[in-house]
Each structure stands twice: as structure tokens, then as C-alpha cells.
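# with the sequence up front, the predicted model follows.
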Amino acid sequence: MAPLISAGLNIILFLGTVRQPRNADRVLKFIQPALEARNITVTVFDPLELHLDEVIKPIQYYNKSAETIPQSLLDLQTRIKAADGFVVVTAEYHGSIAPGLLNVMNQFPPNAYVFRPGAIFSYSKGRFGGIRAAMQLRSYLSDLGLIQVPGITGKP
């Protein structure tokens, strides 16, 4: 079987949880090397490292003539717009998407994500591997304009 054409792609991997201890780090150790083995550049957006909890207003709601958009948000948006696609990793919190993930992704308008592929990897401590969160995430990513990869990977 011929390998997928992937050389030179730039993927942003969104981690979705900030709770400690978190399984997101284990999932990252599984996904990132698999992508990099295909010569894909992976940029990780980790809510623990981005510190967006201090940002109250999403970038699209700034009055550009009267307010200064934080440079950190502009830099992240530039990276998002330059990405070829996205891998979105979420834990399942009470049958829903991890709030840390939504906090990061909601900082940017849908046109930052639009018309690029998005893959979902969900996990939970339960036996369904986060499938309830993944189904909600599929709808959410569609609203952002991402083209969905048909399959979902879940890990119980």
C-alpha cells in the first residue's frame, strides 16, 4: 500500500484538558510521533501552556479602531491560518467536550479554520472512549468550517 501524501504538511494538534492528572499527555505521546513519522510538522496548542484563561474577549470581538488585540492572539491566529489541518484531542467531561479545548478554539473566528480537514481523537475513563464528546465536537468543528475526517478515534 502506498503511503499517504503527507510530506511537508503542517498540522495543529489541539489538546483539550487542563485537569491534573490528565491523559492528554499520554495521547499526545501516541499521536505526535505517528504524524511526525509521516513527515508532518506538528504544532501543539496546549491550554496549559497558552494561558488563554486571562483572555476574556475572542479576537473577532475586538473593535480594531479602538482596542489593541493582544499580540499573542494575533500570533496564534496566524499559525492557525497557516495550518494545513487540525487534530483535535478531547477528554469527555460529563458527556461533553472539555472546556479547556473550547476556551482555546473559541478565541478565533471560524474563518481562521475554514475549509481544512479536522480529525477527532477522544478519550474517557469510561468504556465508550469519549464518543459522546466526539459527537458534539463533530458538530462544533463543522460550525467552524472544518472538513471532517469520516472516522473518529476513541480510547477508553
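Received the coordinates, thanks. Numbers count the residues shown, from 1 in each chain.

# which secondary element of the protein has the worst mean pLDDT?
strand 153-155 (a mean of 66; mean pLDDT, DSSP states H and E).

# alpha carbons of the helix or strand harbouring residue 90, in CSV - could you do that?
Assigned by DSSP states H and E, residue 90 falls within strand 85-93. The C-alpha trace of strand 85-93 is given here as CSV (Å, rounded to 0.1, in the frame of the first residue of the first chain):
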residue,chain,number,x,y,z
GLY,A,85,-5.2,20.7,9.0
PHE,A,86,-6.1,20.0,12.6
VAL,A,87,-6.2,17.1,15.1
VAL,A,88,-8.4,17.8,18.0
VAL,A,89,-8.0,15.8,21.2
THR,A,90,-10.6,16.0,23.9
ALA,A,91,-11.4,14.2,27.1
GLU,A,92,-15.0,13.6,27.9
TYR,A,93,-16.2,15.7,30.8
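
# past it, which element shows up next along the chain?
Sequence-wise, the next helix or strand downstream of strand 85-93 (DSSP H and E) is strand 96-97.

# direction included, what does the strand holding residue 90 pair against?
strand 10-14 (parallel), strand 96-97 (antiparallel), strand 117-123 (parallel) (DSSP bridges).

# please state the offset of the shortest one from the chain centre?
Spelled out, that is strand 96-97. Using C-alpha atoms, centre = their mean, to the nearest Å, the mean C-alpha position of strand 96-97 is found 13 Å from that of the whole chain.

# tell me the pLDDT of residue 56.
Here, the pLDDT recorded for residue 56 equals 75.

# sorry, slip of the keys, the one I care about is residue 25.
In this prediction, residue 25 carries a pLDDT score of 89.

# next one: residue 18
Residue 18 is given a pLDDT of 83.

# pretty sure residue 148 is in contact with residue 137, am I right?
No: taking contacts as C-beta atoms under 8 Å, residue 148 lies outside contact range of residue 137: 9.7 Å. C-beta: built from backbone N, CA, C; applies to glycine.

# ok, those two, which is more surrounded?
In this comparison of residue 148 against residue 137, neighbours counted by other C-beta atoms under 10 Å, the higher total goes to residue 137 at 28 against 15.

# assign a three-state SS to the more buried one, would you?
The three-state assignment at residue 137 reads helix, by DSSP: H, G, I helix; E, B strand; the rest coil.
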